[in-house]
Structure formats: structure tokens, C-alpha cells
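Colleague: sequence first, then the predicted structure, then my questions.
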Amino acid sequence: MPLQPTRPTSGRARNPARGFAVVDFETTGLVPERGDRAIEIGVTLLDPDGNIEHEDETLIHVSRDLGAQHVHHIRAAELKHAPEFDGIARQLRDYLAGRVFVAHNVAFDSRVLRSEYARLGYDIPVQGKTTSANRRGAEASTALCTMRLGGKLLGVRSLAACCARFGIGNPDAHSALSDAHATALLLREYMRMIPEWPGWAAHLDAAGRAQWPRISEDMARWLPRPSHTDIMDSGIMDGDTALTTSVTTETTPIPPPRLREGDRIVLTGAMSQRRADWIDDLAAVGITVWPSVTKKVRLVVAADVDTESTKARKARAYNIPIVSERWLKTAVENGVDTA
């Protein structure tokens, strides 16, 4: 799996033939322009011939809910000690500068990358379009999309379908490094299929000429996602012991009260049950789902009790209990006290 040679040093030197940087993000959602954030990145570096040189990965701490956790399987507790994006921005720049930016759906991953750097005030030379200078007067971009190439070369587009054509495994799909590694192997197969394609040289040349900004932020240690065994040993995924506690706060957890008719509760995060259904179910027993956290709110129900969503942070400030969706389901089934 991941190779671990010495990381490249920071600097401005450019090499037109550095190769390719294959990147995958796990994110809180699909629209970075509206506030969705990167929460994990995997990077696989290849030389110009498609040989893997180095791999790295890290979780990324964000102060918000984590979105579709049933897809990426990242818990808020895992991000507690992870670096913020500003802590990885300089090292990531060193990985990417002078290399073709490659992703499976590069339009999305490039938007995430540009958005994260823009938050720090940097404009980076990674494009979402993948022009290969085939048209007269067109200039090759610094990015390459394995999904688009899959559609042209294989007639399929999904990462799983493209990898299946070559027998490429991806045992931890939706883990950033596993997806990046599989995408890198896929890129290498494309290079073997069409070795004479002029687009390879055109993209490499464009990436080599691109000017990256100097990043001044300090570097933090990258923190990979823990293994499944580590997660189980830590109890992060133990729903019975994590119903009402939050490992992201140093204060003593507040025990949840029994629900009463007339209570107001707040929901935060992507629940397993549709929010509209929860609103109806709770209304049927006399409980109101409130849109925001106030001091009159009885408790907050979170998809992940360790979330750092705005609602959860406010609840902790007001000493309002935060409980899991499972706790709420059990409480409703056990009956609500009458006012």
C-alpha cells in the first residue's frame, strides 16, 4: 500500500517533467462554493512514466457537521486531532506544484482544492477543464480527468467500473487514499493503452510551466484515517457508549432528560431517517423540532454526537444535552411524559 519516502522539500524550483499528482477528497458535501469542506485528502504521486513515487493522506479538521457520514464513514471524533487545511497547505503545494493534477471527476476535486486555498487567500493554477490542446490555438490545462478518459476509452465512467476493466482493486472505496491509489493505477493503464497520445506531453508541459504561489502557513503533521481495528478499539463507533457524550469537549457530558410534551428539540447533521419524517413523528407525540438552538431548547439530536456543527457548539455553550438519533428513537418508543 502507501509508499513512504522522504517528503519533497519546499521551494520554487520547477521541473516540467515532475509527473502526475493523483488526488481524491472526501468532503462534507458537493458544493464547496456554498461552504462544503474537505475532510480527508489522499495523494498519489507518479513520475512521467506512470510509476508511483510517493503517497500520503490526512484527515482534515473542520468546525462544522460532516455531511453524509454514511458515505465517507468519517466520525467527528476522528478529526479532533487532525490538522486544519492551513496546516497542510504548504506540504500539499509541494506535492502538487509542477505536476498534472489528476482526479476521477477532476471538475469536482479541483473545485474543492481551489476553494480550500481561496479560504487562505491563495489563487492556485489548477483548472477544472481538461483541454489537451487538440484544437488549434487551445492551450493544454494543468488537469486531467480519469473519469472523462474512461468514457472515451472504455465506454464507462464510474471509478468502480473503470477499475473493473483492468482488475484494479479498491478495498476501501470512499477512503481518500484508497480512491487516489486506484485512480493512479487506472491512469497508468490509460498510459499503456495510448502511449503515443500527445495529450500526455501537453499536460505535463502545462503543469511544469504553471506558477504556484509561495505558501507561508506553518506545516502540521498529517494524520491518516485510523484503521477499522483502531476505531473499534477506541470505541468511536460504539453507538451504546456514544449516545450522549462528546469527545470533542473537555466538559463533563450532560445527561439527557426525559422528553415531555411541548419540548423543543433541534436536529443537526444528516440523519438516517428523513428529517421531514422525524418532524412528523415528533409532532405526533407533542414535540416541536426547532430551527435553531436557543436556551429554551430541551436537547439537540445529532447524527454524530461529536459534531462541531454551529448548532452543536451553541448547545455546548448553553449546557444543552446532545444526543444521538438512536437515543431519540428509543426515547420516543418508551413514551413521552405529558405536560
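Modeller: Everything's here; your move. Numbering: from 1, shown residues only.

Colleague: surely Val305 touches Ser324?
Modeller: Yes - here Val305 reaches Ser324: they are 5.3 Å apart, a contact under C-beta atoms under 8 Å. The C-beta positions use only the backbone N, C-alpha and C, and glycine is treated the same way.

Colleague: the more surrounded of those two?
Modeller: For Val305 and Ser324, the more surrounded residue by other C-beta atoms under 10 Å is Val305, and the numbers stand at 29 against 22.

Colleague: so the residue nearest to Arg188 when sequence neighbours are not counted, which state does it fall into?
Modeller: Nearest residue to Arg188, sequence neighbours excluded (C-beta to C-beta, 6 or more residues apart in numbering): Gly50, at 3.9 Å. For Gly50, the assignment made with DSSP: H, G, I helix; E, B strand; the rest coil gives coil.

Colleague: with Glu57 instead?
Modeller: Going by three-state DSSP: Glu57 is strand.

Colleague: next one: it from Leu223, what distance?
Modeller: Note on Glu57: its distance to Leu223, by C-beta to C-beta, to the nearest Å, is 9 Å.

Colleague: and for Gly19?
Modeller: For Gly19, the distance to Leu223 - C-beta to C-beta - is 26 Å.

Colleague: go on, Met193?
Modeller: Counting by C-beta to C-beta, the gap from Met193 to Leu223 is 36 Å.

Colleague: and what of Ile287?
Modeller: 39 Å.

Colleague: with Arg264 instead?
Modeller: Applying C-beta to C-beta to Arg264 and Leu223 gives a distance of 37 Å.

Colleague: equivalent analysis for Leu204, please.
Modeller: Distance of Leu204 to Leu223, given as C-beta to C-beta: 31 Å.

Colleague: neighbour count for these two, which is higher?
Modeller: Leu204 (23 against 20).

Colleague: can you tell me the element that one falls in?
Modeller: helix 198-209 (DSSP states H and E).

Colleague: what do you get for Arg148?
Modeller: With DSSP H and E as the criterion, the answer for Arg148 is helix 146-153.

Colleague: Val23: what secondary structure?
Modeller: Per three-state DSSP, Val23 ends up strand.

Colleague: I figured it hits Ala103, correct?
Modeller: Yes - when contacts are counted by C-beta under 8 Å, Val23 is listed as touching Ala103 (5.3 Å).

Colleague: where do the helices sit along the stretch 201-339 of the chain?
Modeller: Secondary structure of the stretch 201-339 of the chain (DSSP state H, counting those that start in this stretch): helices at 228-234, 275-284, 310-317, 325-334.

Colleague: deepest of those helices, which one?
Modeller: Most buried of the helices of the stretch 201-339 of the chain, by mean neighbour count (mean count of other C-beta atoms under 10 Å): helix 310-317, with a mean of 19.

Colleague: list of residues touching it?
Modeller: 63-65, 246, 249, 251, 266, 268, 292-293, 297, 299-300, 302, 321-322 (C-beta atoms under 8 Å, 6 or more residues apart in numbering).
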